[in-house]
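In: Let's see this in three dimensions:
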Amino acid sequence: MRKTTLLSCMVALTLLASSVPAQQMQAETEKTVGLSLNGESVRFSIQPRLIQNTLMVPLRELSEALGVTVQWNERERTAIASKGERNIKLSLDSNQAYRGSTPVTLDAAPVSDNGYMLVPLRFFSESFDFNVYWDGANRSVDIVDADKSLPTVGSLERMEELLKDSAAVHGGMRLMVTDKLASQSGAAKTPTSESASTAPTFSAAPSHSGTNVQVEGVDEADIIKTDGKYIYQVNRDRVIVSQAYPADSMSVVSTVYWADPQFYPQEIYVDGKHLVVIGNTHYPINDKIKPSNSAAPAASDPSTPVSSPAVDAPATKSIKVAPVPEFIERKKMIWPAPQRFTTKAIVYELGDRTEMKPVRETELEGNYISSRKIGDSLYIVTNKGMDTYWLMDKQISPAEKKAALSTPAYRDSAAGDSFITIGYEDIRYFPKAVEPNYLLVGGLNLSKPEQKMQVTSYLGSGQYVYASQNNLYITVNEYEPVKEEPEQSSKAVPGIGQEIMPIRPVPVETSSVIYKFGMDNGTVKYLGRGKVPGHPLNQFSMDEHGGYFRIATTKGDMWRDDEFTSKNNMYVLNETMNVVGKVEDLAPGERIYSVRYAGSRAYMVTFKNVDPLFVIDLKDPQAPKVLGQLKIPGYSDYLHPYDENHIIGFGKDAVVVDNKNGSGFEGGPTAYYQGMKLALFDVSDVAHPKELFKESIGGRGTHSELLNNHKALLFSKEKNLLAFPVTVMEVKDKSSGGAPADATKYGEFTFQGAYVYGLDLQNGFQLRGRITHLSDEDLQKAGREWYSSDRNVERLLYIGDTLYTASPDMLKANDLSTLTEIGSLKLPPWKPRQ
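Out: Just a heads-up that it's a prediction; the model follows:
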């Protein structure tokens, strides 16, 4: 292992430029290459050289930094480097090297430069158990101890091995992980009133709400934002900027479009200086890629695929887009035109809102998973899928395989207009969690345009993303069939008498591997991994507090009635991601519906027929314990803190019915969800939590986006405000006494809009009013089931004493105290882009 004292000596050295004859070195010197060792900057007395696309560094200084001993044989002009049981042999001006007794052919031979022997950085470092990562955009190299980093794929052949091994572990199944996981992050600090990340405001702006987030200081993207004067709204394939304050003179000041006709926005960020629009776009692979914010010519001729070099390519090297693999044409297959899908972020300068100017673009290959913004630092996570079908086709050539399994690429306009590929040598993988996907994490600092986006790529997919102010956590599910004896008995169907199926299929063991990354001013650094049984529900299953990471999981299946039935757990991991405490086997036969953390406590809701609310004490990380529980009908999909002793639940009511079907099977009790339910829980007596107040909205079929997206909630304890959008379905002509048949009956559409409540500890939920954007004509056209409408309220926010509701067609302003309508703004009609 490398010692700190060695690095200190190296850092003290001055970076000196030296020249070598071009015919001897063939070196590129247009830009300096930065190096770091285990996160600390490194400088050599001789500037690193790119020779034949291989990065060369001084042998003596590199060996000292890595704790390697070097012996020099002047007569043979050979260096033997050794550390522990590892040794390598290198000779000046010779491409032949040795690892131990194994010969290795180098891409570039060691050379002499003013008395220094320059050797290939990657070959030397990896020979002594260090991983080397190349950042093409920033022209920098990170050297990291292997036990502090992830291994890299290295080559196409190694990629094939990893994917085939993964398929074998998973029973030979073809592994395809969707790119549409809407992962979200979680909380370290739980705000108790305006659960929001409020953007910086200018002096004339009144107080205003922000997006409902979990971690204080960690902003989350949403479809609408305000800075206290303007409202920015994702509206179909555009962003509309409206002057909303004062409310009696609302107006649209600009409609933001972009040059890329395929770009579709999903979410935005707004702060005092920038509007960031994040969305997806795609390009036909045979087309040249031309950045949408530039009139520059397209990238190089796309007729030839190229792979990314490891630490050896200049940052300006463009990606050449692969053609349709020849074997597709050879087989005359009817095949959709290949597409390159990317997640694009367009940064606009917030100056003149009437003419928004784009100042930067970034793109990561793959579909958007999640993002976070901490101050001026923006982090984006994507998944790029691949199809392993090509690996199984023995007729295709290595070049065709390489094109089919193209490595991911990214682009940052701050580094140029071309895409930069990530080579196999720089694609890291998660051991025992290999999947045919690339996970990309990009970080940039919006206030430092000279700092290029840092991108790291991993073979594997991210299911859920959680971010505290300092760390990013990504979970990956591992599946492994449980080895058990085949089930001998089968169940006969009444009236048939034939045994047609086993009682139970083979169970699958699910584990969650959590990868931890440090975040710092737009850069991301891998810090370690942990593993726990089961799988999380969403971002709210995870939390960081006091240096510990907590995660709630469900293990097993609800429908099983054996030892593999579902059980729910809470695990605590320390800074090195080792499990130090746990509570397991809660509510067998149920699964987690919601989790919320509040400092040293956690609240967990599970459900099957009733809703147990568990209060879990996490004060002692090594000995978490259940303090109390409350069982009530229904369940909560989302929990939100009211204060330190009260928590609000948003979910569904439920009615338990004893069922029997016509086949003679005993169905047993079944819970049927009903209308939307709000509940205020009192947890001041942790051993005996109780439901203090509850409120029901509509009947079976009533739904609010809040139940699956926390950003739809507007809450302020100080303003006595609780509001959210909802579509209300009501059951008419109920049977007297609420017969069981009513429990299964869906309601008919009666309302879409916002419900606005007051909430306090004395009176509970007080419905102050409802706000809709639907006209009488809309309501007359509505049938039993209301379809999606451009006048459906999607979000609520406030500026000063005005409440705003937003739909794709309209902004409406109401007085916050009386809900009297102040005004409305019809948004520009949408027309498909030509």
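
In: CA-only coordinates of the top strand by length along the chain, as CSV, when you get a sec.
Out: Counting by DSSP state E, the longest strand found in the chain is strand 666-682. Taking Å, rounded to 0.1, in the frame of the first residue of the first chain, the C-alpha atoms of strand 666-682 are listed here in CSV:
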residue,chain,number,x,y,z
GLU,A,666,-60.7,-20.5,0.4
GLY,A,667,-59.6,-17.0,-0.6
GLY,A,668,-59.4,-15.7,3.0
PRO,A,669,-59.6,-12.1,3.9
THR,A,670,-58.6,-9.6,1.2
ALA,A,671,-58.1,-5.9,1.6
TYR,A,672,-59.6,-3.7,-1.2
TYR,A,673,-58.3,-0.2,-1.4
GLN,A,674,-60.8,2.6,-1.4
GLY,A,675,-60.5,6.4,-1.6
MET,A,676,-57.5,8.6,-0.7
LYS,A,677,-56.7,8.8,3.0
LEU,A,678,-54.9,11.5,4.9
ALA,A,679,-53.8,10.7,8.5
LEU,A,680,-52.0,12.6,11.2
PHE,A,681,-50.1,10.2,13.5
ASP,A,682,-49.1,11.2,17.1
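
In: What pairs with it, parallel or antiparallel?
Out: Applying DSSP bridges, strand 666-682 is found paired with strand 646-660 (antiparallel), strand 690-697 (antiparallel).

In: In terms of mean pLDDT, which of those ranks lowest?
Out: Among the strands paired with strand 666-682, strand 646-660 carries the lowest mean pLDDT, a mean of 85.

In: in that one, what counts as buried?
Out: Across strand 646-660, burial judged by 16 or more other Cβ atoms under 10 Å covers His646, Ile647, Ile648, Gly649, Phe650, Gly651, Lys652, Asp653, Ala654, Val655, Val657. In this view, the C-beta of every residue, glycine as well, is placed from N, C-alpha and C.

In: One more: stretch 133-148?
Out: Buried residues in stretch 133-148 (16+ other Cβ under 10 Å): Tyr133, Trp134, Asp135, Gly136, Ala137, Asn138, Arg139, Ser140, Val141, Asp142, Ile143, Val144.

In: For Glu76, state which of the residues you listed is nearest.
Out: Ile143 (27.9 Å; Cβ to Cβ).

In: Now do the contacts for that closest one.
Out: Leu35, Ser36, Leu37, Asn38, Val42, Ala65, Leu66, Leu121, Ser125, Phe130, Asn131, Val132 (Cβ atoms under 8 Å, 6 or more residues apart in numbering).

In: For the second one, what are phi and psi?
Out: When read as degrees, to the nearest 10, the backbone of Ser36 gives phi -140, psi 150.

In: Skipping adjacent residues, who's closest to it in space?
Out: Asp142 (5.2 Å; Cβ to Cβ, 6 or more residues apart in numbering).

In: So that neighbour sits against Lys148, correct?
Out: No - applying Cβ atoms under 8 Å, one finds Asp142 not in contact with Lys148, separated by 10.8 Å.

In: helix/strand/coil for the residue nearest to Ser36?
Out: strand (DSSP: H, G, I helix; E, B strand; the rest coil).

In: how much space between it and Glu478?
Out: Counting by Cβ to Cβ, to the nearest Å, the separation of Asp142 from Glu478 is 27 Å.

In: quick check: longest helix of this structure.
Out: helix 156-169 (DSSP state H).

In: Quick check: what element follows that helix along the chain?
Out: Reading on from helix 156-169 to the C-terminus, the next helix or strand found by DSSP states H and E is strand 224-226.

In: Quickly run through the sheet partners of that next one, with directions.
Out: Counting by DSSP bridges, the strands paired with strand 224-226 are strand 230-235 (antiparallel).

In: follow-up on the earlier one: now for the residue nearest to Ser36: which residues touch it?
Out: By Cβ under 8 Å, 6+ apart, the neighbours of Asp142 are Leu35, Ser36, Gly39, Val132, Tyr133, Asp135.

In: ok, now which ones touch the first one?
Out: Going back to what we said before, that points to Leu35. Ser41, Val42, Arg43, Phe44, Pro48, Val57, Ser140, Val141, Asp142, Ile143.

In: Which of the three states applies to it?
Out: Going by three-state DSSP: Leu35 is strand.

In: mind checking pLDDT for it?
Out: Per the predicted model, pLDDT is 88 at Leu35.

In: for the fourth one, same thing?
Out: With respect to pLDDT, Val132 scores 88.

In: my guess is Tyr755 contacts Val726, does it?
Out: Yes - contact criterion Cβ under 8 Å: Tyr755 and Val726 qualify, at 5.4 Å.

In: who touches both of the two?
Out: In contact with both Tyr755 and Val726: Ile697, using Cβ under 8 Å, 6+ apart.

In: Count the neighbours of the closest residue to Tyr429 other than its chain neighbours for me.
Out: The shortest distance from Tyr429 to any residue other than its chain neighbours is 3.8 Å, reached at Leu459 (Cβ to Cβ, 6+ apart). A count of nearby residues for Leu459, using other Cβ atoms under 10 Å, gives 27.

In: Leu459 pairs with what?
Out: Tyr429, Tyr438.

In: How about Ser377?
Out: Beta-bridge partners, per DSSP bridges, of Ser377: Ile374, Asn445.

In: And the nearest residue to His688 once chain neighbours are set aside, which helix or strand is it part of?
Out: Leaving aside its sequence neighbours, His688 sits nearest to Gly628 (Cβ to Cβ, 6+ apart; 5.6 Å). In this structure, Gly628 sits in strand 625-632 according to DSSP H and E.

In: Return the list of strands paired to that strand, each annotated with direction.
Out: strand 611-617 (antiparallel).

In: which outside residues touch the partner strand?
Out: 570, 583, 586-587, 590, 593, 600-606, 624-636, 649, 651, 654, 681, 683, 686, 689.

In: From the residues you listed, list just the buried residues.
Out: 570, 583, 586-587, 590, 593, 601-606, 624, 626-630, 632-636, 649, 651, 654, 681, 683, 689.

In: what sits against Thr226?
Out: Thr226 sits next to Ala199, His208, Ser209, Gly210, Tyr232, Ala244, Val270, Leu797, Ile799, Tyr804 when contact means Cβ under 8 Å, 6+ apart.

In: between those, which is closest to Arg550?
Out: For the contacts of Thr226, the nearest to Arg550 is Gly210 (25.1 Å; Cβ to Cβ).

In: Relative to Asp219, how far out is that closest one?
Out: Look at Gly210 and Asp219: by Cβ to Cβ, they are 8 Å apart.
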